[in-house]
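# here you go, sequence then predicted model.
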Amino acid sequence: MRSVAEILRLEAVRKSYAVGTPAETEVLHGIDLRLEAGEFAALIGPSGSGKSTLLNLIGLLDRPSSGRILLTGQDTGRLSERELTQLRGEALGFVFQFHHLVGAFSARENVLLPLFAARGRLERGMQAAADELLAAVGLAQFGDRPPSQLSGGQQQRVAIARALIADPVLVLADEPTGNLDTTTADEVFALLRRFNQERGTAFLIVTHDPRLAARCDRIIELVDGRIVTDQLVTPAPAS
């Protein structure tokens, strides 16, 4: 397990669109948020509350209009686009509702994509690392198969392995079970939880499923661009 330390801090973060026009709209209104290493947190809220905007900012896919975002202690507002790309590749993993696998690549090649993108080439040990992760998500025998020969749940497992291949400190998961049936969703969620516990990887999971949110350690609720509640989850008593 990684030692407990702050990995993410947002200070008075605001985000507006169409700035300087009559249609200017502020979507996030002064967000303060901290995450520590190894946390397993849910981000909930109604549609249009700003969850995707917030996730894009945390994922360094967009910049805030004002405020500060610090990731692994680095003030991201001071970084160039090249430096942001490098930090994103080193510190973050991403899992989405739709897995976004490359159809022309095998499962193994899809897992390796973040490493190849970061380093421009495959190096010794990378394939073994990908195969180890595929085995960890229950797909040891499917490394050579293209996504078209995998079920939806299997494709999402490949996406999870891809998110973890660079050993990120934080994985951002945007409705990772939203396109799956209940049984498969529970299996995928359990897999995320296992990696959280075994590797100490922090997870921030956007979900509309209250059952899954209740199984996280912390629930952050966003309404109309503001955090309205941020609470630790009390574990259910053992039966």
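Sure thing, it's come through. Numbers count the residues shown, from 1 in each chain.

# mind listing what the residue nearest the centre of the chain touches?
With distances taken as Cα atoms, centre = their mean, Leu172 lies nearest the centre of the chain, 1.1 Å away. Listed by Cβ atoms under 8 Å, 6 or more residues apart in numbering, the contact set of Leu172 reads Leu55, Ile58, Gly59, Leu92, Gly93, Phe94, Val95, Leu204. Placement of C-beta: from N, CA and C, glycine included.

# by neighbour count, which of those residues wins?
Highest neighbour count within the contacts of Leu172, by other Cβ atoms under 10 Å: Gly93, with 26 neighbours.

# and the helices in this protein, which stretches?
Taking DSSP state H as the criterion, the chain contains helices spanning 51-58, 81-91, 107-119, 126-136, 152-164, 182-199, 210-213.

# now those as JSON lines including distance to Gly30 and mean pLDDT?
Converted to JSON lines, those look like this (distance: least, Cβ to Cβ, whole Å; pLDDT from 0 to 100):
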{"stretch": "helix 51-58", "distance to Gly30": "12", "mean pLDDT": "93"}
{"stretch": "helix 81-91", "distance to Gly30": "22", "mean pLDDT": "90"}
{"stretch": "helix 107-119", "distance to Gly30": "32", "mean pLDDT": "84"}
{"stretch": "helix 126-136", "distance to Gly30": "38", "mean pLDDT": "88"}
{"stretch": "helix 152-164", "distance to Gly30": "29", "mean pLDDT": "89"}
{"stretch": "helix 182-199", "distance to Gly30": "29", "mean pLDDT": "86"}
{"stretch": "helix 210-213", "distance to Gly30": "24", "mean pLDDT": "88"}
